[in-house]
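Peer 1: fold the following, please.
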Amino acid sequence: MIEDIDISKFDGIVCVGGDGMFSEVLNSVLLKAQKDKGVDSNDVYNTLTIPKIPLGIIPAGSTNAAVNCITGSSDPISATLFIIQGHYTGIDVCGVYSAGRLLRFAVTFLSYGYFGDVIRDSEKLRWMGPKRYDFSGFKNILRRKLYEGELQLLVDVPTDSTSWRDDRCLDNCLTCWETANALRQPKDEQTSAKKIKWMSVRGQFIAVNAAVMSCTCCMSSEGISPSQHLGNGY
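Peer 2: Numbering: from 1, shown residues only. As a prediction, this is how the structure comes out:
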């Protein structure tokens, strides 16, 4: 629906729900921004247009990982007050592409294997409420299904393999600020200082995971990736 209406006359869009609801709204807003600017979102090499309209989340889901990471709480009243007061922050968004087309945008967590199986299985058990995740998770652990394949990553060459442990994303995060500032520079200057290389891993995997934010929630106080940042470009 968002893709078919003029949202420029609105100050913002607020969704009430969980991570799934926020993902649906985010995807619609991002796709509309590309469509309005004539950007082909299916081309992985295109620089996407950043939407100008802010999004707000009032948590009403099972885990509420997105709002927990952004505000530090999953309390709906606190989230509402943040929105009313106009607080905002930039967050990383990743795209999932296959066979030359965009499948989805994501801002929390991507997984192939175990966690994907849990989500797919739990959809059939919505009548159980939030407990469906515990049940599906336990059932899939017992199955211990393995996926064989090769994973290729383009990674930064780390200067200190332990430095990330103490680099947590907090209020007024310097790492996220530096990334946002770098994005204002010409594109060639953004990448010239980075040392990158391809890394390949082949074998059997229980799960292949990618966290776009730390994903702190009621089920994991530290999150699945405690040192992940909201807006550091990874």
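Peer 1: so what's A106 closest to, chain neighbours aside?
Peer 2: C94 (5.4 Å; C-beta to C-beta, 6 or more residues apart in numbering). Quick note: C-beta positions are derived from backbone N, CA and C, even for glycine.
Peer 1: so the one you found touches F109, yeah?
Peer 2: No. C94 lies out of contact with F109 (C-beta atoms under 8 Å); the separation is 10.2 Å.
Peer 1: how about the helices in the protein?
Peer 2: With DSSP state H as the definition, the chain shows helices at residue ranges 19-37, 65-71, 76-84, 114-122, 131-143, 174-182, 187-192.
Peer 1: P226: which of those is closest?
Peer 2: Nearest to P226, of all those, is helix 65-71, at 10.8 Å by C-beta to C-beta.
Peer 1: which residues touch the closest one?
Peer 2: For helix 65-71, contacts defined as C-beta atoms under 8 Å, 6 or more residues apart in numbering pick out 19, 22, 57-59, 73-74, 78-79, 82, 89, 91, 107-109, 169, 213-217, 223, 230.
Peer 1: just the buried subset of those, please.
Peer 2: Using 16 or more other C-beta atoms under 10 Å as the burial test, those include 19, 22, 57-59, 74, 79, 82, 89, 91, 107-109, 169, 213-217, 223, 230 as buried.
Peer 1: can you pull the contacts of the spatially most central residue of the chain?
Peer 2: Per C-alpha atoms, centre = their mean, the C-alpha nearest to the average position across the chain is that of V107, at 1.6 Å. Taking C-beta under 8 Å, 6+ apart, we find V107 in contact with F22, S23, L26, A66, I91, D92, V93, C94, V212, M213.
Peer 1: low-confidence ranges, the chain, go.
Peer 2: For the chain, applying pLDDT under 70 flags the ranges 1, 157-166, 184, 186-195.
Peer 1: try it again with 50
Peer 2: 192-193 (pLDDT under 50).
Peer 1: circling back: of the contacts of helix 65-71, which belong to strands?
Peer 2: I57, I58, P59, F109 (DSSP state E).
Peer 1: what is the nearest of the residues you listed to D43?
Peer 2: Distances from D43 to the ones in strands among the contacts of helix 65-71, taken as C-beta to C-beta, are shortest for F109 (24.8 Å).
Peer 1: wait, that closest one touches V212, no?
Peer 2: Yes. Counting by C-beta under 8 Å, V212 is a contact partner of F109 at 6.8 Å.
Peer 1: identify each buried residue in stretch 16-35, please.
Peer 2: Neighbour counts over stretch 16-35 (16+ other C-beta under 10 Å) mark 17-19, 21-23, 25-34 as buried.
Peer 1: okay, G116 and V29: tell me how far apart.
Peer 2: 25 Å (C-beta to C-beta, to the nearest Å).
Peer 1: before we move on, what about F138?
Peer 2: Taken as C-beta to C-beta, the span from F138 to V29 is 36 Å.
Peer 1: nearest to N46, of the helices of the chain?
Peer 2: helix 19-37 (8.2 Å).
Peer 1: relative to helix 114-122, how tilted is that closest one?
Peer 2: 100 degrees (axes from the mean of the first three to the mean of the last three C-alpha atoms, to 10 degrees).
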